[in-house]
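Q: Sequence plus predicted model, see below.
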Amino acid sequence: MDEDGTDRLRAQLARRLAAEIGSERGEAAAQENQEPGTGASPVGWDQQGLLRSELPDQEGREAAAGPEQGREAEEPGPSEAGGGSEREPGSPQPSGSRGGELAGRRERRGEPREGQNRGHWWKPRGFHPGKIREMHWERSKRRCRERTLKLNLKNPNKRKYRPEREPHGLTPPRPVEPEEDDDSKEGFLLPSQTRRATVRFSLQSRFCQSSQWSNVSPSGSVINELAKMGDPDVLEMVQQQDRQVSREEHHSRANEDLRSGESSFLICREAQPATRYNLFLRRRLLFKKDEQSKDSIFFRDGIRKIDFVLSYVDDIKKEAELKAERRKEFEQNLRKTGLELEIEDKMNSEDGRTYFVKIHAPWEVLVTYAEVLGIKMPVKESDIPSDDKIPFRCMLEPLKLPRDVKHPTPEYFTVQFTRHRQELFLIQDESSFFPSSSRNRIVYYILSRCPFGVEDGKKRFGIERLLNSHTYSSAFPLHDGQYWKASEPPNPVNQRNVLYQNWARFSYFYKEQPFNLIRDYYGEKIGIYFVFLGFYTEMLFFAAVVGLACFIYGLLTIPKTSGSSEICDPEIGGQLIMCPLCDELCDYWRLNSTCLASKISHLFDNESTLFFAVFMGIWVTLFLEFWKQRQARLEYEWDLVDFEEEQQQLQLRPEFEAMCKKRKLNTVTQEMEPYLPLYSRLPWYILSGVTVILWMALIVACMVAVIVYRLSVFATFASFMESEASLKHVKSFLTPQIATSLSGSCLNFIVILILNFFYEKISAWITKMEIPRTHQEYESSLTLKMFLFQFVNYYSSCFYVAFFKGKFVGYPGKYTYLFGVWRSEECDPAGCLVELTTQLTIIMTGKQIFGNVKEAIYPLVLNWWRRRKARTNSEKLYSRWEQDHDLETFGSLGLFYEYLETVIQFGFVTLFVASFPLAPLLALLNNIIEIRVDAWKLTTQYRRPVAAKAHSIGVWQDILYGMAVLSVATNAIIVAFTSDMIPRLVYYYAYSVNETWPMRGYVNNSLSVFLIADFPNNTVPSEKRDYNTCRYRDYRNPPDSEDKYVHNIQFWHVLAAKMTFIIIMEHVVFLIKFFLAWMIPDVPKDVLARIKREKLMTVKILHDFELNKLKENLRLSSASDFDRHFAIKESKANLAESTT
């Protein structure tokens, strides 16, 4: 440092030291109007608006006095030990050694003498112009303290709410000194009166202090692990660490302010606006409990938002005391974790017997557990342009939602939240920084790990265990408000109402869905389900259009088809006598009686069937590959790119930890974890497998029972229709075959629903008994059980009709019999495809209608009945938490059944679509309704589910891939064996004799001849007819052949053609599938570019943040070194002057 700079600094220091010289008149005036040690300008205090009476005493003194005076308060001087901190006006100053010692100590600290007013202690003569104002301010403060003391004595147990964040550095501003010229100031610099200041400096920078603290405090990883284990003292440790760091930062800032003040002649700070803390306290002081609306989503203070609600009812049984003790311990531990609780007495509830515990997560809890859960929060608004360039955008405009609903917030660059880098994040308002889904997810994370005692030598914890033991009756997050009413402007936006208006109304069935709003309100896991359902519905549109076109083609070509024309022709079909369809009771019948059935069969069994089967094989591949891309884009938009299942799904289930008595070293984390040996779970695995097999066997048994019903009822239908003359007109469109098929399909559907109801309960119980280790293992185990069961339950009858019915019938005189009693079923002369279509239509349509009615009506009726029972005290207001309490519970498996329903429908659309081209159209119409029904019930009829994260649809995607591969084989087999296409092609190319009409004579060629005399006595019809032969559907030799009734050469030609077709179709479709899967990338190129750009920008933002922080620490360190060297030089100069 050069000599001019040193001289200039010394001159400024000399001007400051001149202020320490005061006259006796000025000191006496200060004693009359100023308390010792206050030293603050009343104007400055009033401008900052600091309500010191609301702070705890010690913290208030430290905050008001600053770090230096706070340390002095811990070591009171002799005058304070004498019994009073306040002297009467006009009392003499302390004299003697004590008074001189105290005055000298104050002078060495650079403060005025006892009783000397800092506002004008520099002035040698006269009072400060603001003396009267200061006297009024001091009397007002004294009266305020006395009034506060009386209130505290009256209500000693009244709890004072602490602020959300402790204010740091609440030091009173120094008054602005009147400007004087340098000559007047220098006039006071008498050599005998001047005294050198003690320059304060810090030997350690902020960076060094924080690093030193990190050596003795728990690390972030240790705190995160303790939080995952449910330690209720985690927040206390975090707050202790933050207080220590804040104290050191505060001390560093104080040193910095002091250094800048000493080097710049104590330039006064400008008055600052009132802080958020001050506003928080004033609103709380002015709040009246009686004016609080029970429809509010806040605590009684009207400020703290309700994030979660627990409810319970007094139990009069033997376990009442135990449950009360559990609740007491649980709630105490919740308070230890930092959560704030408010209890509503049962007398305030609608039914007069339910207690409600309202939970609020303050800022400290949110920032702590946001870091534990790895929640990503915004640091900068994204500069990547949005890709809104969609072809034919103007045509799709009516389908679009308003932009503020579709994109409620702009795109941001995000990083994982850390509580020590809060300055990095875009925190405009702490109350709305974390979305409501993240808040209730954090609270539920704490609830699921909070202990409530030790029972039977085991640590018990978790809200789920308390709910299962009925200690609490419910636990749920609170909805934002009433779904039919928007919030008023001062209150936060009612997202529930926005969702209802733009998503849950049936009049918006043609609109797109507000996915971002769904994610913010319900969480990523529910949001991704609706994204998948919407994408699946969009892709179904193309399949439905092609399927409808194939159906229209079949409808238009009915008059031109030769098969149905020959069957309906009286000269051809009317002359063909068919063999009886059952023994004894059934009579001979003419082929033209199935004219209508043959025409219906042509609707679904024509040349377009093959094209549609191949198209659906390609469609399912495109659907899955494009879903991969949509999922990748969703992961980027929802900040799920780096999401790991370990954060939530791979966490240990509390039930597993409670059951484990042993621990095992984890080779990855090198930590001891709960461990359950395989032999202890093996019996439950065996029981689970046996149960699943038995239930599948039960399904097969029920299907066989339905087949027996069809066989036994068919004869009854046949004889009844023949005997009743009134049914002759009905017989033209309702044949015994169709009547039996319809009644059998309806009965099968009823059996399916009954079996499904019971198996859902059993599978959930068995899965719990297996004690899965993680949530992912639990869901995977339950998914496997439920899908296997429902796959067999819903598809077994369709597989029977498609692949087995009519294939092993035998021939007249040598039929095959089921259990040696009932004769096997035969297909219609036009094939079994009509019956498969009937079966598929009834089961698919019935399941969809029943599911939608159940999802809409069931919760509506239950909620109405629950509200009706609860409204016992009509004079009381129906509070917000009671309204949600009376809603139906969505449950942890609610989304599981939604996925299961969608996947089963996907099976109907893909596995048997060759027999029913209208299946995609029915699924499309159902899904349009399903989306709005699910949205309506979630928004209006269900409690708000706990938010959860997910980056994909999980194991369901693997199931879809398996069904897609299986669908290629099933559709190829349906076309080959169930359809009549291959036999027609073989006849067309190999056996046709009419060049003009190649298909003429096909019906007669496809029917074999049987000699009636060859019928056994027990199978011949009871009524005698004058027929010698009858016809049946098969390729066998005639009776006059040497090998009569043996398969002829045409049978083997047709069989070879069917097998060849299956092989060719499978290979072609699989080749196209694999080529498309290879050609279509899983992640679009633009998404890859966006991900790379965001990673680059986040790394740059973090680098700049850390670099700026390091520069600040280095600047503070260099400034501290300069002060230290300057003080050493000044001390040497003083020593040299004193020796000379």
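A: Received it, and whenever you're ready, just let me know what you need.

Q: Please name every helix or strand in contact with the one helix or strand residue 898 maps to.
A: Element membership for residue 898, per DSSP states H and E: helix 894-911. For helix 894-911, the elements it packs on are helix 524-556, helix 607-637, helix 775-803, helix 833-870, helix 919-936, helix 955-973, judged by 3 or more Cβ pairs under 8 Å, 6 or more residues apart in numbering; DSSP states H and E. Quick note: C-beta positions are derived from backbone N, CA and C, even for glycine.

Q: again, 6 Å this time
A: When contacts are defined as 3 or more Cβ pairs under 6 Å, 6 or more residues apart in numbering; DSSP states H and E, helix 894-911 packs onto helix 775-803, helix 919-936, helix 955-973.

Q: List the buried residues in that helix.
A: 894-896, 898-911 (16 or more other Cβ atoms under 10 Å).

Q: Likewise for stretch 1111-1131?
A: 1113, 1116, 1117, 1119, 1120, 1123, 1126, 1130.

Q: Ok, stretch 959-979 next?
A: The neighbour-count check on stretch 959-979 (16+ other Cβ under 10 Å) flags 959-960, 963-965, 967-979 as buried.

Q: ok so, going back, wait, which of the helices and strands packed on helix 894-911 is closest to residue 482?
A: Nearest of these to residue 482, taken as Cβ to Cβ: helix 919-936 at 14.8 Å.

Q: Tell me how many other residues crowd residue 320.
A: Using other Cβ atoms under 10 Å, residue 320 is surrounded by 11 other residues.

Q: quick one, phi psi at it?
A: Per-residue torsions, residue 320: phi -60, psi -40 (degrees, to the nearest 10).

Q: Not including adjacent chain positions, what is the nearest residue to it?
A: residue 314 (7.1 Å; Cβ to Cβ, 6 or more residues apart in numbering).

Q: How many neighbouring residues does that neighbour have?
A: Applying other Cβ under 10 Å, we find 11 residues neighbouring residue 314.

Q: distance of it from residue 349?
A: Distance of residue 314 to residue 349, computed by Cβ to Cβ, to the nearest Å: 12 Å.

Q: residue contacts, residue 998?
A: Applying Cβ atoms under 6 Å, 6 or more residues apart in numbering to residue 998 gives the contacts 988, 992.

Q: So which residues of the stretch 451-600 of the chain form strands?
A: Applying DSSP state E, counting those that start in this stretch to the stretch 451-600 of the chain gives strands spanning 451-455, 458-461, 474-476, 577-578, 589-590.

Q: So which of the ones you listed is nearest residue 569?
A: Ranking the strands of the stretch 451-600 of the chain by proximity to residue 569 (Cβ to Cβ) places strand 589-590 first, at 11.5 Å.

Q: so what strands line up beside that closest one?
A: Partners of strand 589-590 in the sheet, by DSSP bridges, are strand 577-578 (antiparallel).

Q: From the rest of the structure, what touches the strand it pairs with?
A: The contact list for strand 577-578, computed with Cβ under 6 Å, 6+ apart, reads 588, 589, 591, 1027, 1030, 1031.

Q: Then stretch 433-442?
A: So stretch 433-442 is contacted by 307, 308, 361, 366, 369, 375, 427, 477, 520, 523, 947 (Cβ under 6 Å, 6+ apart).

Q: All set, thanks.
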